[in-house]
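A.B. asks: Mind folding the following:
(2 chains, ligands or ions: 2)
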Amino acid sequence: MRPMVEITDLHKSFGRVEVLRGINIAVPPGSVTSILGPSGSGKSTMLRCINHLEKPTAGAIQVDGEYVGYTRNGDTLSEISGRALARQRAGIGMVFQRFDLYAHMTAIENIIEGPIRVLGKSRTSAMEEARELLDRVGLGDRARAYPAQLSGGQQQRVAIARALAMKPKVMLFDEPTSALDPELVGEVLSVMKEVANSGITMLVVTHEVAFAREVSNEAIFMADGVVVERGDPDEVLRKPNHPRTRDFLSRVL
Amino acid sequence: MTTVAMDTPVASPTLKLAPRRHYLQIAAAVVVLLLAFLLAQSLATNDNMQWHIVWQYLWDEQVGRGIVTTLLLTVLCMTMGTALATVLAVMRLSKNRVLSSVAFAYVWFFRGTPLLVQLIFWYNLAALFPVLGIGIPFTSVGASVSTNAVITAFVAAVLGFTLNEAAYMSEIVRAGIQSVNIGQREAALSTGMTESQSMRRIVLPQAMRVIVPPTANQAINLLKATSLVAFIAGGDLLSAVQDIYAVNFAVIPLLVVASIWYLVIVTVASAGQYYLERWVGRGVTNFSEAAVTDQIASIEARQGGAA
Ligand SMILES: Nc1ncnc2c1ncn2[C@@H]1O[C@H](COP(=O)(O)OP(=O)(O)O)[C@@H](O)[C@H]1O
Ligand SMILES: [Mg+2]
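C.D. replies: Ligands and ions are numbered 1, 2, ... in the order given. Predicted coordinates:
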């Protein structure tokens, strides 16, 4: 089966610092992949390369068979237009560590913005779907609240609904619970579990080892810009082979 | 002695909260009011103020036309200047070096030369370029008109003020855009919006919170700066009263007439600024019942068709 996300020899440098040093990952459709690793190991950068918020220095990324940000002509990948890139991004949802809800819009306006502006949906049908999504993340009664009137956990659930409203093929989560008070982590993780069960392909950067073990099909461990260990989450997270993995797990558990 | 008394508080009367009295503030208010009264009285009873002339010319038709011209110039130049400023600010922040250099050079030039010189330059454009035209170089294809036919005094004033205002406003818009967290743009892009959609729908509306207060300042400055057209064309409020006192020599009363109208316009504009600030601060600084109700009403109005 063709992978949903395929990363081939991905390199990324900021100035002279090489942050990603050759990443190879293939993720099957409908799978959940957890990405763990110490801070600064390049997890966010890799995730942001997948929807081209960062431009790779070398290597290729394909989502559902399309090169993200490029089109292939023989041996070269030529950069595509901003409009074409935007169309590709519409199929790749992203949830950020700091939620990044549009601060001047209510919860429901945050959700309908993309479907109306990008997918060209009517306001009526966008509102209807947004209400269903808010119910799904347990916030049916908070549609008219501004982000600043919501708790962190509620904001993150709205952010997940906003991403889902685009009906993406892939969802990227960058440490979605790291900015939350401990008692709010659970509500976000349970929404993510429900999304995972719906069959959407997910890549999740997280420090939540229990979540990674319970929900994901594969765990990937990164350090210093490379994948040092990958495999069945139970194996990798219970009996890590690599000393970096062992060291990291002993600190987060 | 038992310890019961310590555990069960004796019913005590509800305690009243007495706010601190601000005696100094009251004293200051009395002094200020007294001074204001003395000033008002000395002005009102001063025959040199010639209040009857002030009153007469307050409603003068020529003064009225001056107000209209001043307002027209201000609104026109502020609107076009702000639109151009937004384009300049986006260019300035663009990764494209050519665009950002052009914007930088524009601001450098129009902020760096006196406004009056710019106005006189546009007015006298015909002396430099007697004919304005468009065409394909080295061919005879094209069209042209006499400069003096196009650049009337009013057009020169509009050009001058607009281009100058755009330079100042672009710095304000740039600061506004930069005040919006980068995450907002990235969130918008990640849902498939283009750069320009994310700018128009997500970044600029939030930048407005920072842009509006200094913009109101700019508008009020421009309102009064339009009196510089007295040097090229006239027709504005200040020129109108100058024309009148050139004939009847009632200099002070007519300047008071102009000042009263400038104050009235600025007062109305400031009230507008207050409501505009409340609107653009929604979701961030303003959760007042009224603002949220307005917002809900407008959402409901927009979904009207659905319900
Ligand atoms: N825009 C940037 N400019 C320069 N350096 C960056 C930038 N983004 C990330 N980095 C650097 O890249 C490295 C990896 O960062 P990141 O991908 O955020 O790691 P992680 O998410 O695993 O903590 C860090 O050293 C970080 O400082
Ligand atoms: Mg990170």
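A.B. asks: For the residue in the stretch 101-250 of chain B that ligand 1 sits nearest to, give me phi and psi.
C.D. replies: The nearest approach of the stretch 101-250 of chain B to ligand 1 comes at B:I182, 9.8 Å away (CB to the nearest ligand atom). All C-beta spots, glycine's among them, are computed from the backbone N, C-alpha and C. Per-residue torsions, B:I182: phi -60, psi -30 (degrees, to the nearest 10).
A.B. asks: for stretch B:74-84, what is the average pLDDT?
C.D. replies: The average of the pLDDT scores along stretch B:74-84 is 96.
A.B. asks: Tell me which residues of it come out buried.
C.D. replies: B:T74, B:C77, B:M78, B:M80, B:G81, B:T82, B:L84 (16 or more other CB atoms under 10 Å in any protein chain shown).
A.B. asks: Pick the one among these closest to B:L35.
C.D. replies: Closest approach to B:L35 among the buried residues of stretch B:74-84 (CB to CB): B:T74, at 33.1 Å.
A.B. asks: And for the helix or strand harbouring B:V31, what's in contact with it?
C.D. replies: Following DSSP states H and E, one finds B:V31 within helix B:23-44. Contacts to helix B:23-44, defined as CB atoms under 8 Å, 6 or more residues apart in numbering or on different chains, come from residues B:M49, B:W51.
A.B. asks: same thing but 7 Å
C.D. replies: B:M49 (CB atoms under 7 Å, 6 or more residues apart in numbering or on different chains).
A.B. asks: who does the helix or strand that that helix is followed by touch, helix- and strand-wise?
C.D. replies: Per DSSP H and E, the first helix or strand lying C-terminal to helix B:23-44 is helix B:51-58. Applying 3 or more CB pairs under 7 Å, 6 or more residues apart in numbering or on different chains; DSSP states H and E, we find helix B:51-58 packed against helix B:251-280.
A.B. asks: What residue in the stretch 1-150 of chain B comes nearest to ligand 1?
C.D. replies: Scanning the stretch 1-150 of chain B for the residue nearest ligand 1 gives B:K95, at 13.5 Å (criterion: CB to the nearest ligand atom).
A.B. asks: pretty sure that residue is in a strand, no?
C.D. replies: No: if the criterion is DSSP: H, G, I helix; E, B strand; the rest coil, then B:K95 is coil and not within a strand.
A.B. asks: B:R65 versus that one, what's the distance?
C.D. replies: Distance, B:K95 to B:R65, using CB to CB, to the nearest Å: 49 Å.
A.B. asks: what does A:I116 give?
C.D. replies: 46 Å.
A.B. asks: ok, how many other residues are close to A:H52?
C.D. replies: Look at A:H52: counted by other CB atoms under 10 Å in any protein chain shown, it has 22 neighbours.
A.B. asks: My read is that it contacts A:A86, right?
C.D. replies: No: A:H52 is not in contact with A:A86 according to CB atoms under 7 Å; the separation is 9.9 Å.
A.B. asks: Around chain A, pick out the residues from the stretch 51-200 of chain B.
C.D. replies: When proximity is defined as CB under 7 Å from any CB of the partner chain, the stretch 51-200 of chain B approaches chain A at B:G183, B:Q184, B:E186, B:A187, B:L189, B:S190, B:T191, B:G192, B:M193, B:T194, B:E195, B:Q197.
A.B. asks: who touches the third one in this structure?
C.D. replies: In this structure, B:E186 makes contact with A:L53, A:D100, judged by CB under 7 Å, 6+ apart.
A.B. asks: What are the buried residues along the host helix or strand of it?
C.D. replies: Taking DSSP H and E as the criterion, B:E186 maps to helix B:182-190. Neighbour-count burial for helix B:182-190, with 16+ other CB under 10 Å as criterion, is recorded at B:Q184, B:R185, B:E186, B:A187, B:A188, B:L189, B:S190.
A.B. asks: follow-up on the earlier one: more neighbours: which of B:K95 and B:R65?
C.D. replies: B:R65 (14 against 6).
A.B. asks: ok but the more buried one is inside a strand, no?
C.D. replies: No: read with three-state DSSP, B:R65 is helix and lies in no strand.
A.B. asks: ok, it - contacts?
C.D. replies: B:R65 sits in contact with B:A240, where contact means CB under 7 Å, 6+ apart.
A.B. asks: same thing with A:V205?
C.D. replies: Each residue near A:V205 by CB under 7 Å, 6+ apart is listed here: A:I35, A:K43, A:S44, A:L47, A:F173, A:D174, A:E175.
A.B. asks: is chain B contacted by stretch A:165-177?
C.D. replies: Yes: judged by CB under 7 Å from any CB, stretch A:165-177 and chain B are in contact via A:M166.
A.B. asks: and that stretch with ligand 1, contact?
C.D. replies: No: using CB under 6 Å from any ligand atom, stretch A:165-177 never reaches ligand 1; the gap is at least 7.2 Å.
A.B. asks: For that stretch, buried residues please.
C.D. replies: So stretch A:165-177, judged by 16+ other CB under 10 Å, has buried residues A:A165, A:M166, A:P168, A:K169, A:V170, A:M171, A:L172, A:F173, A:D174, A:E175, A:P176, A:T177.
A.B. asks: Where does the stretch 151-253 of chain A get nearest to chain B, residue-wise?
C.D. replies: Closest to chain B within the stretch 151-253 of chain A is A:M166: 5.6 Å, counting by CB to the nearest CB.
A.B. asks: Would you check that that residue makes contact with B:M193?
C.D. replies: No: between A:M166 and B:M193 there is no contact under CB under 7 Å: 10.4 Å.
A.B. asks: what residues are shared contacts of those two?
C.D. replies: Jointly contacting A:M166 and B:M193 under the rule CB under 7 Å, 6+ apart are A:V118.
A.B. asks: For chain A, just list every one of the helices.
C.D. replies: A:43-50, A:82-90, A:107-117, A:123-136, A:152-164, A:182-197, A:209-215, A:233-238, A:243-252 (DSSP state H).
A.B. asks: can I get those in a markdown table with distance to A:Y67, mean neighbour count and mean pLDDT?
C.D. replies: Putting these into a markdown table (distance: least, CB to CB, whole Å; neighbours: other CB atoms under 10 Å in any protein chain shown; pLDDT from 0 to 100) gives the following:
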| stretch | distance to A:Y67 | mean neighbour count | mean pLDDT |
| --- | --- | --- | --- |
| helix A:43-50 | 12 | 22 | 98 |
| helix A:82-90 | 9 | 18 | 97 |
| helix A:107-117 | 23 | 24 | 98 |
| helix A:123-136 | 30 | 17 | 97 |
| helix A:152-164 | 22 | 25 | 97 |
| helix A:182-197 | 26 | 17 | 95 |
| helix A:209-215 | 29 | 18 | 93 |
| helix A:233-238 | 29 | 18 | 89 |
| helix A:243-252 | 31 | 14 | 86 |
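A.B. asks: is it possible to export these to JSON lines including distance to B:N148?
C.D. replies: Converted to JSON lines, the helices of chain A look like this (distance: least, CB to CB, whole Å):
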{"stretch": "helix A:43-50", "distance to B:N148": "58"}
{"stretch": "helix A:82-90", "distance to B:N148": "44"}
{"stretch": "helix A:107-117", "distance to B:N148": "47"}
{"stretch": "helix A:123-136", "distance to B:N148": "52"}
{"stretch": "helix A:152-164", "distance to B:N148": "57"}
{"stretch": "helix A:182-197", "distance to B:N148": "69"}
{"stretch": "helix A:209-215", "distance to B:N148": "76"}
{"stretch": "helix A:233-238", "distance to B:N148": "80"}
{"stretch": "helix A:243-252", "distance to B:N148": "78"}
